[in-house]
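In: using only what follows, build the 3D model:
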Amino acid sequence: FWFWGFFLILTFPLGLQTGKFADRTPVWLMRQAGRYMRAFRDFSDKYPFRVRSETPDIAIELSLQPFRAFKTDAVIMFSDILTPLPAMGIEFDVVKGSGPVIFEPLRSEHQVKKLKKLDDPDK
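Out: Numbering: from 1, shown residues only. Below you'll find the predicted structure:
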């Protein structure tokens, strides 16, 4: 079960999607908006990126911090493009100050052929 590292915090008045006029401007904030928050940084210092992203309770708390602070209407969580890599046999982490690092990059056709296939959840 993965709660991966991105979420949107939004202020989006109900009914706006049906063409009604809003009494305020919709605002979309990415997860990075929480990086300046002390509580978010405390989690970052205590837990590595993948633990924060793959542990539901932590991911939920990190999502709710700016939600509570800005009193937005909702939080939308969605999966990052890197999410399937470990299931395919590609280990990575996000290194503070560097970004995503794949520990054993694929450099040959043989390595690609050795990847685990992902099952289609709809089948």
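
In: so what's Val95 bridging to?
Out: Judged by DSSP bridges, the bridge partners of Val95 are Gly99.

In: I figured it hits Ile102, correct?
Out: No: if you go by C-beta atoms under 8 Å, Val95 and Ile102 don't touch, sitting 10.9 Å apart. Just so you know, the C-beta spots here come from the backbone N, C-alpha and C atoms, and that holds for glycine as well.

In: residues contacting Glu61?
Out: Contacts of Glu61 were listed using C-beta atoms under 8 Å, 6 or more residues apart in numbering, and they are Phe43.

In: check what pLDDT it gets.
Out: Note on Glu61: pLDDT of 88.

In: check the gap between it and His110 for me.
Out: Applying C-beta to C-beta, to the nearest Å, the value for Glu61 to His110 is 42 Å.

In: and for Lys117?
Out: Applying C-beta to C-beta to Lys117 and His110 gives a distance of 16 Å.

In: do the same with Pro66
Out: 45 Å.

In: and for Ser108, the neighbour number?
Out: Burial measure for Ser108: 8 neighbouring residues, criterion other C-beta atoms under 10 Å.

In: so which bits of the longest helix that the chain contains are buried?
Out: Using DSSP state H, we find that the single longest helix of the chain is helix 56-70. By 16 or more other C-beta atoms under 10 Å, the buried positions in helix 56-70 come out as 58-59, 62-63, 65-67.

In: let's have those in CSV, adding distance to Glu91.
Out: Below are these laid out as CSV (distance: C-beta to C-beta, whole Å):
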residue, distance to Glu91
Ile58, 20
Ala59, 20
Leu62, 23
Ser63, 25
Gln65, 28
Pro66, 30
Phe67, 31
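
In: of these, which is the nearest to Ala87?
Out: Relative to Ala87, the closest of the buried residues of helix 56-70 is Ala59; by C-beta to C-beta it sits at 17.6 Å.

In: make sure that closest one is actually in contact with Arg52.
Out: Yes: between Ala59 and Arg52 there is a contact under C-beta under 8 Å: 6.6 Å.
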